[in-house]
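> with the input below, show me the fold.
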Amino acid sequence: MGERAPRCQHCTTGLALRRYCARCSPMASALYKREARREAKAAGEQYWLAWWLKIYGEDAFERRRAYHRRYMRQYRARVALRAGPERSQGVLP
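Predicted structure coming up:
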């Protein structure tokens, strides 16, 4: 008899050319990245800063500040919208 086809290490039903089948691969990737972030956080590393530096190089700090400014502007607009027009115009305390 021939060798058995490789199976996914997670669900063991799908055929997989790699460790995980196509259906389980996104979940396995998310679990791996989550564990890597936990380990980096436990070690006291600022892993997110390394990612910004890797992508943007010298412009990383300015781009990160711009991203956070834009994010907070959008967040405040969402909160004001959720609070209703009375609260956003200062009518209610």
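> can you list the domains in this structure?
Here the domain assignment for the chain is 1-45, 46-93, based on automatic domain parsing.
> buried stuff in the longest helix seen in the chain?
Looking across the chain with DSSP state H, the single longest helix is helix 60-83. Along helix 60-83, these residues count as buried under the neighbour rule (16 or more other Cβ atoms under 10 Å): Ala60, Arg64. All C-beta spots, glycine's among them, are computed from the backbone N, C-alpha and C.
> give me the number of residues near Cys21?
For Cys21, the count of nearby residues is 20 (other Cβ atoms under 10 Å).
> same check, this time on the one 10 residues further on
The number of residues packed near Leu31 is 12, by other Cβ under 10 Å.
> cool, and the one 10 residues further on?
Counted by other Cβ under 10 Å, the residues lying close to Lys41 total 12.
> mind pulling the model confidence for the closest residue to it other than its chain neighbours?
The shortest distance from Lys41 to any residue other than its chain neighbours is 7.4 Å, reached at Tyr47 (Cβ to Cβ, 6 or more residues apart in numbering). Note for Tyr47: predicted pLDDT of 84.
> tell me how far Tyr47 lies from Cys24.
25 Å (Cβ to Cβ, to the nearest Å).
> when the two are compared, which one has more neighbours?
The neighbour count for Tyr47 versus Cys24, taken as other Cβ under 10 Å, is higher for Cys24 (19 against 12).
> got the contact list for Phe61?
Going by Cβ atoms under 8 Å, 6 or more residues apart in numbering, Phe61 touches Trp52.
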